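Colleague: pasting the sequence and the predicted model now:
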Protein chains: 2
Amino acid sequence: MTIREVAKRAGVSISTVSRVLNERPNDYMREDTREKVLQAIEELNYIPDRRAQSLRGGKTGIIGLIAPIRLNPFYVELSYAIENVCYKEGYGILVCNSKGDINRERTYIDLLVRQKVDGIIITTAGLKKGDLDELISRGITVILADEDVLEANTPAVFANNHLGACQATQYLIDLEHERIAFITGPLTVLSGRDRLKGYLDTLKKNSLEVDKSIIKKGNYTYSKGYSATQKLMRGGEGKFTAIFCCNDLMAFGAIRALQDNGKKIPQDYSIIGFDDMYFSSISNPQLTTVAQPVDKMALKVFKAFKREISDRPPLKKVHVLLDTKLVIRESCRKLR
Amino acid sequence: MTIREVAKRAGVSISTVSRVLNERPNDYMREDTREKVLQAIEELNYIPDRRAQSLRGGKTGIIGLIAPIRLNPFYVELSYAIENVCYKEGYGILVCNSKGDINRERTYIDLLVRQKVDGIIITTAGLKKGDLDELISRGITVILADEDVLEANTPAVFANNHLGACQATQYLIDLEHERIAFITGPLTVLSGRDRLKGYLDTLKKNSLEVDKSIIKKGNYTYSKGYSATQKLMRGGEGKFTAIFCCNDLMAFGAIRALQDNGKKIPQDYSIIGFDDMYFSSISNPQLTTVAQPVDKMALKVFKAFKREISDRPPLKKVHVLLDTKLVIRESCRKLR
DNA sequence: GTGAAAGCGCTAACAC
DNA sequence: GTGTTAGCGCTTTCAC
């Protein structure tokens, strides 16, 4: 079922078929010719081959998405937000779960290059400017999502992690909490550092002292949230009344650790997370958290991609910073 | 960066380059020629174009995955299990979230046909044998996962839903529960019907009466789990001591509904789910459930795919049925 | 308005 | 052993 067969059936040449397929503005043709072709297409159930189309200079209509998806469930939220806008725009999306493994990331990039995808949306686990430049030199548009790359000359879209951390911290303070423990994200990644800074800045802004003994290193995993909270408990139960966890998954770990110590949430301790994954809305207790604007992120990412592949892409690569939003549910309470 | 440039740099013809690229068994060549080519490839950082390769009769190396992913989070488990085996085998996976919408499914199928994917792994929301046959006639291998299509002449892989439901029901009975409520899945889908049957059969096997008033219709969503449980409560609190929910998501809804009525799990009611999603292992309480063998399913699906695209695909299309496994956690207790 | 033909990057049959 | 060439399915000049 090729364009040739359609041409034969319609009694025209293949270029005519191609013309009706592509509908260019200044391409005039007799209406009955078009009809004939359309009918032949219909009858043969013909669907053009995108590989062949793209080989002749066109686009593949595929976008690659690379992210540490299963590491942090937040990325399944983000990936499906992106899938959704790609669907609406007629793009296919090749999903590459890097698991945070740089080798896996590179293997996937190789696959995407082979497939000549139109673009790659990536939350990288450690790629550098040079890696990105090579991709770009291959004609593949790269959009950074949620994680920056130093000096990268390509568009990037983030949630305002600093703002989010400020919102969370301030909320706890407004609830009269003064000793707020903090479980960090990995400090190797932008979001981790920004969230820490937001916490610190908000404490300072409210003239609250920073107590390093209630700041624990985390890595966005459930088990780390659990173990960090255990450490917190061993460090002295009275040293804090609330915990701000740098993502929801760790917050669940924290809640569990507290419960295992016979504590109740939010009666004994208030817990706030970050991300707002789907499960945070149905967990017990439902988690108060900072929502990342995933849908908006997906949209902005896609728009950046479109702009980049347009005839005249902007020289100045945008860095979009999207506002987060506090979502109040059940895991925090007013202290007194 | 094409094969031509590599050839020029290595001082050989393009067919020689093609030969070293493809390494056929009976293709001999001088070692130094191969070396030269390899070096040129290396120096130019050449990566062959899969579109062009596949156009010339080859495979695209892409598999499409269609499933109602965000409808039931179980499918995110399944999809990443599949992604994982595809990764290992060098396949790219085009993820298509149908949301259970047949139109979306069809649009995606069109996209996958255009992209000339090697195969489609599908959990369909309503495609019929005819739709599948058309795909197959287009040279696209179709593998059914988790959901059957009547009389379809293509391989299929399922979890043994009947067995799973038996395991869950029997477990509750072993815990001395005799009045076990049941929240069904959609009865339009295979898994829904089989799970119901497993429940009914096990009741009968244990000479327990079926009480239709404690069997409620569900649809695999959280909110339905919640509302069905509310109905159950209004029907009479004493009429049941346990609820078997046809998937984990509804189980969470049920737990919530019970808690909103001031009940405790598992003290007041035992709850068992089905699927074993990641979140079930970290929820409060951690959910006792029936685990679907997702990794094994993914493997079997992939193997069926490979067999189908092999030189001599089996005429008889296999139906693989995989055993489920009871995962005991915290949401059930012995009645007395 | 429509058709013929070149060529996208590659593989494979056939020469040499 | 290696090169030449046709052709995969399509788009796009360039003729007519």
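Modeller: Thanks, I have it. Residues are numbered from 1 along each chain as shown, chains lettered A, B, ... in the order given.

Colleague: domain parsing for chain A?
Modeller: For chain A, automatic domain parsing gives the domain ranges A:62-159+A:295-322, A:161-292.

Colleague: nearest to DNA strand C, out of the ones you listed?
Modeller: domain A:62-159+A:295-322 (8.6 Å; C-beta to the nearest atom of the strand). In this view, the C-beta of every residue, glycine as well, is placed from N, C-alpha and C.

Colleague: chain neighbours aside, what residue packs nearest to A:Pro313?
Modeller: Nearest-residue entry for A:Pro313: A:Arg307, 6.2 Å, with adjacent residues in sequence omitted and distances by C-beta to C-beta, 6 or more residues apart in numbering or on different chains.

Colleague: how much space between the one you found and B:Leu335?
Modeller: According to C-beta to C-beta, to the nearest Å, A:Arg307 stands 63 Å off from B:Leu335.

Colleague: what does A:Val290 give?
Modeller: 42 Å.

Colleague: please apply the same query to A:Gln53.
Modeller: 65 Å.

Colleague: the more surrounded of these two?
Modeller: A:Gln53 (19 against 15; other C-beta atoms under 10 Å in any protein chain shown).

Colleague: which pLDDT value goes with the more buried one?
Modeller: Here the pLDDT value assigned to A:Gln53 is 96.

Colleague: that one in helix, strand or coil?
Modeller: Under DSSP: H, G, I helix; E, B strand; the rest coil, A:Gln53 falls in the helix class.

Colleague: for stretch A:11-21, what is the average pLDDT?
Modeller: Mean predicted confidence for stretch A:11-21 is 94.

Colleague: on that earlier part again, dump the domains of chain A to a markdown table, plus mean neighbour count and distance to DNA strand C.
Modeller: Output for these, formatted as a markdown table (neighbours: other C-beta atoms under 10 Å in any protein chain shown; distance: least, C-beta to the nearest atom of the strand, whole Å):
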| stretch | mean neighbour count | distance to DNA strand C |
| --- | --- | --- |
| domain A:62-159+A:295-322 | 20 | 9 |
| domain A:161-292 | 21 | 35 |
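
Colleague: which one of the ones you listed lies closest to A:Tyr46?
Modeller: Nearest to A:Tyr46 among the domains of chain A is domain A:62-159+A:295-322 (18.0 Å), distances taken as C-beta to C-beta.

Colleague: work out for me the element A:Lys59 sits within.
Modeller: A:Lys59 is part of no helix or strand when elements are defined by DSSP states H and E.

Colleague: show me where chain A has helices.
Modeller: A:3-10, A:14-22, A:31-44, A:50-55, A:74-88, A:102-114, A:129-137, A:161-174, A:190-205, A:222-234, A:248-260, A:294-309 (DSSP state H).

Colleague: which of these sits closest to B:Ser270?
Modeller: helix A:248-260 (19.2 Å).

Colleague: ok and the closest one relative to helix A:222-234, angle-wise?
Modeller: Here the directions of helix A:248-260 and helix A:222-234 differ by 40 degrees (axes from the mean of the first three to the mean of the last three C-alpha atoms, to 10 degrees).

Colleague: how far does helix A:248-260 sit from the chain's center?
Modeller: Averaging C-alpha positions (C-alpha atoms, centre = their mean, to the nearest Å) puts helix A:248-260 24 Å from its chain's average.

Colleague: contacts made by that helix with the rest, please.
Modeller: Under the criterion C-beta atoms under 8 Å, 6 or more residues apart in numbering or on different chains, residues A:72-74, A:183, A:218, A:220-230, A:233, A:243, A:245, A:264-265, A:268-269, A:271-277, A:279-280, A:283, A:285, A:287, A:289, A:331, B:282, B:284 lie in contact with helix A:248-260.

Colleague: wait, A:Leu144 touches A:Glu151, no?
Modeller: No - the pair A:Leu144 / A:Glu151 is not scored as a contact, 11.7 Å apart, by C-beta atoms under 8 Å.

Colleague: got a list of what the residue in the stretch 101-250 of chain A that chain B sits nearest to touches?
Modeller: Across the stretch 101-250 of chain A, the shortest distance to chain B (C-beta to the nearest C-beta) belongs to A:Arg114, at 4.3 Å. Contacts for A:Arg114 (C-beta under 8 Å, 6+ apart) come out as B:Ile47, B:Pro48, B:Asp49, B:Arg50, B:Gly61.

Colleague: re earlier: how about the domains of chain A in JSON lines, adding distance to A:Glu35 and mean pLDDT?
Modeller: Formatted as JSON lines, the domains of chain A follow (distance: least, C-beta to C-beta, whole Å; pLDDT from 0 to 100):
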{"stretch": "domain A:62-159+A:295-322", "distance to A:Glu35": "25", "mean pLDDT": "95"}
{"stretch": "domain A:161-292", "distance to A:Glu35": "49", "mean pLDDT": "97"}
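
Colleague: I'd like those domains as TSV, with distance to A:Leu38 appended.
Modeller: Below are these laid out as TSV (distance: least, C-beta to C-beta, whole Å):
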stretch	distance to A:Leu38
domain A:62-159+A:295-322	20
domain A:161-292	44
